[in-house]
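# From the sequence below, what's the structure:
(chains A and B)
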Amino acid sequence: MKLSLNWLSSLVDLSGIPLEDITSALIRSGTEVNSALPTCAGVIAARITSLEWAGSKDHPLAVCTVDDGSGTARNLVSGAPNLREGVLVPFAPPGTFLPIIDLLIEPRPFGRGKWISEGMLCSARELGLSGDHEGILLLEKGSPGQPLHELLEQDTILDVEITTNRPDCLSHWGIARELAALFERPLHSLHWETENGPLPVPAGKTLPCTVTVEDTDGCRRFMALAMDNVAVGPAPQWMQQRLLSVGVRPIDAIVDISNYVAHELGEPLHMFDYDVVAKDGRTPGNAELIIRRAHDGEALLCLDGVERHCTPDDIVVSTPAAALSLAGIMGGEHSGISASTTRIIIEAASWNPRRIRRTSRLHGIRTDASALFEKDLSDDLPPPAIERAAVLVASLTGGTLALSGAVDIHPGAQAPSPPVTVTASAISGILGYPVAGDSVSSIMKRLGADVAADGEHFTITAPVFRNDLVLPEDIAEEIGRCIGYDALPATLPGQRRDAPRPDQYLIDGDARIRDIALGAGFTEARTTSFVSDEDLATALPACAHPDGSGSPRAVTITNPLTDIGSRLRTSLLSTLLRSLVLNVNRGVVSPRLFELGHVYWEGSRTSLPAGTMPDGIDETRTPLPLEPRTFAMAAAVPERDAEGAAELLHLMRRTVERIVDEKGKCRLDWVQPDSPNELFHPGRTVWAYAAGVPAGYAGELSKSVRDMLDCKDRIVVLECTLDAVITASDIAVAYPSPPRFPGIAEDLALAVPESSTGLDLLQEITAHAGVLLESARIIDMYRGSGLPEGHRGYTVRMVYRSPERTLTNEEVSTVRTAVLSHLETALHAVQRS
Amino acid sequence: MGDLPSHDAILEELGRLVPEVEQAIAEAASTHDLDQVHATYLGRQDGAVTKLRKSIGQVADIPTRKLLGQTINEKWTLLEESFHARTAQLHIAEEKSRIAGEWMDLTIPEERLERGTLHPITEVLNSIRSVFGSLGYRFVEGPEVEYDRYNFTFVNMPPDHPSRDTQDTYFIDEARLLRTQTSSVQVRAMRVYGAPMSAIVIGRCFRRDNDATHAPIFYQAEGICIDTDISLADLKGTLLYFMQSFFGTDRKIRLRPHHFPFTEPSFEIDISCMRCNGSGCSLCRKSGWIEVLGSGMIHPTVLENGGIDPAVYRGFAFGVGLERMAMLKYNIQHIRHLYENDVRFLTPRRDG
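Coordinates of the predicted model:
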């Protein structure tokens, strides 16, 4: 909202207060000031020293040089027709900001770059001085280089933001009232007179006007005042200037007056042509206004030329014959003021904000009036507003009162806020700062409240326009903001009595998991939750079986944004792969990414996150989806580097195994799927199971998926659902004593039929070797010559050890023989020489 | 069978051999050559001088034999000394040349130890955890797909509340939505832990917005602290500690009164600009202050919804966007970078 400082000064005495103090006081009391800019700051007087006309006949351009007092001639170009050599004009050099038209002046080319204008010559309108935009303002006095504010009256434009709880501040009056309270300055009274005193009440001829409020839910108060002898013409300069300064274009005196009152008092008015209304009256010559719900489908041609079809939720101001206006939002095309209007009805009303908001949203109309009315304006605004308007109409257009006072129907009186009882100590407790009773009383009185003191207790009745003051906390806020929060000490809460159990705040979160992934050279990504159906097709949830069964349903958004997908991811890979491919396509060589985050599985939640509780009602009716914590890795290598892809796959599995070693509640078993998933390279895919349940997978993506992703590089991925594998709490750790006796290590080279995998081999060895075998691991897998047909070569490193003695070769030999003979029987695996 | 070696013949041979050996020792170019020379002349079995010495045994006259032995041993000792001296000399030279051959150019800048980096949001998240961990806050979580009630109604934004309009919300069905704020966890936490309580929630939120300053997903941290004696001064002190921990101890904070439905009174918290230190620059739009947080005293209605008696307990709450924290702290130019995951962006530089 824009405010004119001159205008504010006409409502509250601000003399002697520097601008910085005003803005700072407003900011610190809750009115954000985005900017406070003088209208002419930086603008100087300049004399045109030479001028040549160029451009076309329709668009003449004055190409001039000016003397701006600097001694260097400036080149300027202007389209204004009234320039001539020798005149003194306002000149805005580059870098000047003109708040009235929101424009930062920069050097600007004209005539396709033929000329460069080093700044701008200003019209009266561009400086907020009048509506005159016909030509450049010609200055009558002054000398080149002189600042314009020395030559003309300057205004300062404040751009402020009002929070939704303070509709009473949405006007010059509202802010003036704040300033009066903050600086303890006198405020203009809410009563206006003409230069010749109060408006005379006419004798004799009246313009009859009756009002019926049928929709008492929609209309809380309706005032109407008829005026005669109105001569519609332009508003005077001072009013145009003020409207311009707050960004309103002057039109004619009547429209300008309603805009003026709206900006001054925050009450939007509406003006009807009396004769148009009276024509439709049931009694000829009697203007009859009915405030009612619109009929279903009722058509109304609005001022913007659009015909709207109303619903009974909309409020209309109507004659007995037809609706005249969409109440509180926009007038009708037919009942508005025209150049020939001589008799008017001024409407000032108070509307149900929720109804205004709904109508505004339903019809997609947002006007200055609707923006105000949907914020719950005070019922006390219409009387001063209608009086202010009447005085202005009389002063500026010669209008006279046609009735002895306004019609005032007040069916739904706004309930005043009940009084709030507080003590100074309660307020001190909330603020954490000692506040004296006197301060409470004097601040609240300054803010317009009634304060009754009874011992320690203050009973505070808020003014009608402050229906936001209902709780002791609200009073504390008023006291705090008027004293200023800079005075508040900064303390930490005292001895905490809610010390959580250590495991509720010492848990490292997922820091360790991330650390392990970082150590493997993977960079952390965070990707969006939104995916499209196509994305869902390029990734499997970690809980799915290799054949794709067991995949959960995706959560669907009913109102997605068009470009980001309407589903929530069921797998981290669907979004992580997008980021990986983005890196590849941008030329990053061999990117490696990991992500740790939530996926969303529609279905019954079996557990809620820590610190949440089931919701008795909705848990059974509409359960929340599962949000399993999931870990995924993805990396790319160039197509030719099959070996590199294989090594990455090992690295990823080593990484996740490391995580499970440190944080796991169970082991991961890696099983080759019977039916390969088409997502993967058929020879490079493996499924991870945790206690028999699918918990993830690793593999190299198939060529067809890479084509779908538009990626030439090989892509290797791993995804694992952590909830199935990782414990929430820390795992007990013990440091063992080192073994006392030496171990014996030897490598067994075995030829194993292709029907068995490395996992089969190790399981058979460990199950049958007995206690002397400390560990067995496969250190090499070999395919090729020297092996029987249909066999693979595995080298297994066996380590034997006894905790009680140094083993002899004979003991080891016994174990080895037993193992080899078992392998031959169980797997048809034989030792190679 | 020749003659028995004569005294003279042995001396003559010795006189011939000694200079030959000395020359060979002097001319040996490497310790390896020198060892060859040693073997040739002084070798235990077949060395020429060794053989000569052995031949003394065939001299009949014992005093002569003894004298010859002495002479040869003296020469022998001298030759061994030359040999050792030359060995040492060559060894030094060879060691020098070996070391010279092992020269490394350690001025060439190194490739870095391969290690990934954390996402900047995680860096911020970790900082917040450590700050509030040190203040004894408990960490709680809540669902991202949330009931309308927890996200809005329970935090004092009933249906039809105008503030709902300003939070562009993704809906799933009548009851469920994607949470627009971590405030959704406030009432859940209150119902589980009751009062007194201090807790912090950090998590992913969603707004139906995708432009230069908004991403459809974003992260928020929400803190609440409830007890019988919590005051605004405690809020101010806590946030000052938080902001100074994160942005440096030079930062000042300002409570700017504002309005939120779930707190009363409500504030936006500004920190003094870290670039210009409050004197005004383009980052703070010449105001000297940068808005970072929303906060206030928890609205009594919200406490009631959480099953906590507002006549007994008071509390403060605050919420902060992690993207904004990250962008301010790490000088990130565009919010878009955060969720594209370009590795070149995610690998931070440390300048100066």
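
# Please count neighbours and contacts with C-alpha atoms only from this point.
Fine.

# which ones are touching residue A:267?
Residue A:267 is in contact with A:261, A:348, A:372, A:377, A:381, A:382, A:385, counting by C-alpha atoms under 8 Å, 6 or more residues apart in numbering or on different chains.

# Let's see that with 10 Å instead.
By C-alpha atoms under 10 Å, 6 or more residues apart in numbering or on different chains, the residues touching residue A:267 are A:168, A:170-171, A:258-261, A:348-350, A:369, A:372-373, A:377-386.

# That one: what secondary structure?
Assigned by DSSP: H, G, I helix; E, B strand; the rest coil, the conformation of residue A:267 is coil.

# Considering only the contacts of residue A:267, which also neighbour chain B?
Near chain B, judged by C-alpha under 10 Å from any C-alpha of the partner chain, there are no entries from those.

# Which of these fall within strands?
A:348, A:349, A:350 (DSSP state E).

# ok, the first one - contacts?
Same thing as residue A:348. A:221-225, A:258, A:267-271, A:328, A:381-387, A:389, A:406, A:408 are the contacts of residue A:348 under C-alpha under 10 Å, 6+ apart.

# Distance check, residue B:128 against residue B:291.
18 Å (C-alpha to C-alpha, to the nearest Å).

# where are the low-confidence patches of the chain?
Because you didn't say which chain, this covers chain A. Within chain A, the stretches with pLDDT under 70 are A:131-133, A:202-205, A:403-405, A:412-414, A:496-497, A:499-509, A:604-621, A:728-730.

# I was thinking of chain B, sorry if that wasn't clear
The model of chain B has pLDDT under 70 over residues B:1-4, B:166, B:351-352.

# Okay, helices next: where are they in it?
With DSSP state H as the criterion, chain B has helices at B:7-27, B:31-42, B:48-55, B:62-101, B:120-134, B:148-151, B:162-166, B:184-193, B:232-247, B:300-305, B:322-330, B:336-340, B:343-346.

# helix/strand/coil for the residue in the stretch 1-150 of chain A positioned nearest to chain B?
Using C-alpha to the nearest C-alpha, the closest approach of the stretch 1-150 of chain A to chain B is made by residue A:30 at 4.2 Å. With three-state DSSP as the basis, residue A:30 sits in coil.

# what do you get for residue A:64?
Once three-state DSSP is applied, residue A:64 turns out strand.

# check contacts around it.
Neighbouring residues of residue A:64 by C-alpha under 10 Å, 6+ apart: A:47-53, A:73-78, A:83-85, A:117.

# just checking, which of the residues you listed belong to strands?
Of those, the ones assigned to strands by DSSP E are A:47-53, A:73-78, A:117.

# picking that back up, now the buried members of the contacts of residue A:348.
The neighbour-count criterion (16 or more other C-alpha atoms under 10 Å in any protein chain shown) marks A:221-225, A:258, A:267-271, A:328, A:381-387, A:389, A:406, A:408 among these as buried.

# Any part of stretch B:269-284 near chain A?
No. Counting by C-alpha under 10 Å from any C-alpha, chain A has no neighbours in stretch B:269-284; the shortest distance is 11.0 Å.

# what comes up buried for that stretch?
B:269, B:270, B:271, B:272, B:273, B:274, B:277, B:278, B:280, B:281, B:284.

# do stretch B:102-121 as well
In terms of neighbour count (16+ other C-alpha under 10 Å), stretch B:102-121 has its buried residues at B:116, B:117, B:118, B:119, B:120, B:121.

# My guess is the second one contacts residue A:595. True?
No. Counting by C-alpha atoms under 10 Å, residue B:117 does not reach residue A:595; the two are 11.6 Å apart.

# Spit out the residues that contact the two alike.
In contact with both residue B:117 and residue A:595: A:514, A:517, A:522, A:523, A:524, A:525, using C-alpha under 10 Å, 6+ apart.

# which ones are touching the second one?
Read it as residue A:517. Here residue A:517 is in contact with A:523-524, A:593-595, A:631-633, A:652, A:654-656, A:658-659, B:115-118 (C-alpha under 10 Å, 6+ apart).

# ok now do residue B:279, which residues does it touch?
Contacts of residue B:279 were listed using C-alpha under 10 Å, 6+ apart, and they are B:272, B:273, B:286, B:287, B:288, B:289.

# scratch that, residue A:670 is what I was asking about
So residue A:670 contacts A:653, A:685, A:686, A:687, A:688, A:689, A:690, A:694, A:696, A:697, A:698, A:759 (C-alpha under 10 Å, 6+ apart).

# need the next SSE after the helix or strand harbouring it, C-terminal direction.
Assigned by DSSP states H and E, residue A:670 belongs to strand A:668-671. Following strand A:668-671 in sequence order, the next helix or strand is strand A:680-690 (DSSP H and E).

# in the following helix or strand past that next one, what counts as buried?
For strand A:680-690, the following helix or strand on the C-terminal side (DSSP H and E) is strand A:693-701. Across strand A:693-701, burial judged by 16+ other C-alpha under 10 Å covers A:694, A:695, A:696, A:697, A:698, A:699, A:700, A:701.

# ok, now stretch A:363-373?
Buried residues in stretch A:363-373, defined by neighbour count with 16+ other C-alpha under 10 Å: A:369, A:370, A:371, A:372, A:373.

# Turn those into JSON lines, including distance to residue B:134.
Output for the buried residues of stretch A:363-373, formatted as JSON lines (distance: C-alpha to C-alpha, whole Å):
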{"residue": "A:369", "distance to residue B:134": "51"}
{"residue": "A:370", "distance to residue B:134": "49"}
{"residue": "A:371", "distance to residue B:134": "46"}
{"residue": "A:372", "distance to residue B:134": "46"}
{"residue": "A:373", "distance to residue B:134": "48"}
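
# Looking at those, which is nearest chain B?
Once C-alpha to the nearest C-alpha is applied, the member of these that ends up nearest chain B is residue A:371, at 11.7 Å.

# Helices of the stretch 201-350 of chain A, residue ranges please.
Using DSSP state H, counting those that start in this stretch, the helices of the stretch 201-350 of chain A run over residues A:237-245, A:253-265, A:274-279.

# Which of those helices has the highest mean neighbour count?
Across the helices of the stretch 201-350 of chain A, averaging neighbours per residue (mean count of other C-alpha atoms under 10 Å in any protein chain shown) puts helix A:253-265 on top, at a mean of 23.

# Show me the contact partners of the helix or strand harbouring residue A:705.
Under the criterion of DSSP H and E, residue A:705 resides in helix A:703-709. Helix A:703-709 is touched from outside by A:534-535, A:537-539, A:577-578, A:581-582, A:678-681, A:700, A:710-715, with contacts defined as C-alpha under 10 Å, 6+ apart.

# rerun that using 7 Å as the cut-off
Contacts to helix A:703-709, defined as C-alpha atoms under 7 Å, 6 or more residues apart in numbering or on different chains, come from residues A:538, A:679, A:712.

# Export those residues as TSV, with columns for neighbour count and distance to chain B.
As requested, the contacts of helix A:703-709 are exported to TSV (neighbours: other C-alpha atoms under 10 Å in any protein chain shown; distance: C-alpha to the nearest C-alpha, whole Å):
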residue	neighbour count	distance to chain B
A:538	20	19
A:679	21	23
A:712	16	18
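
# Which of the residues you listed sits closest to residue A:153?
Nearest to residue A:153 out of the contacts of helix A:703-709 is residue A:538 (C-alpha to C-alpha; 68.6 Å).

# Let me know whether the closest one touches residue A:574 as I believe.
Yes. Contact criterion C-alpha atoms under 7 Å: residue A:538 and residue A:574 qualify, at 6.2 Å.

# dump the residue contacts of residue A:174.
Residue A:174 touches residue A:168, counting by C-alpha under 7 Å, 6+ apart.
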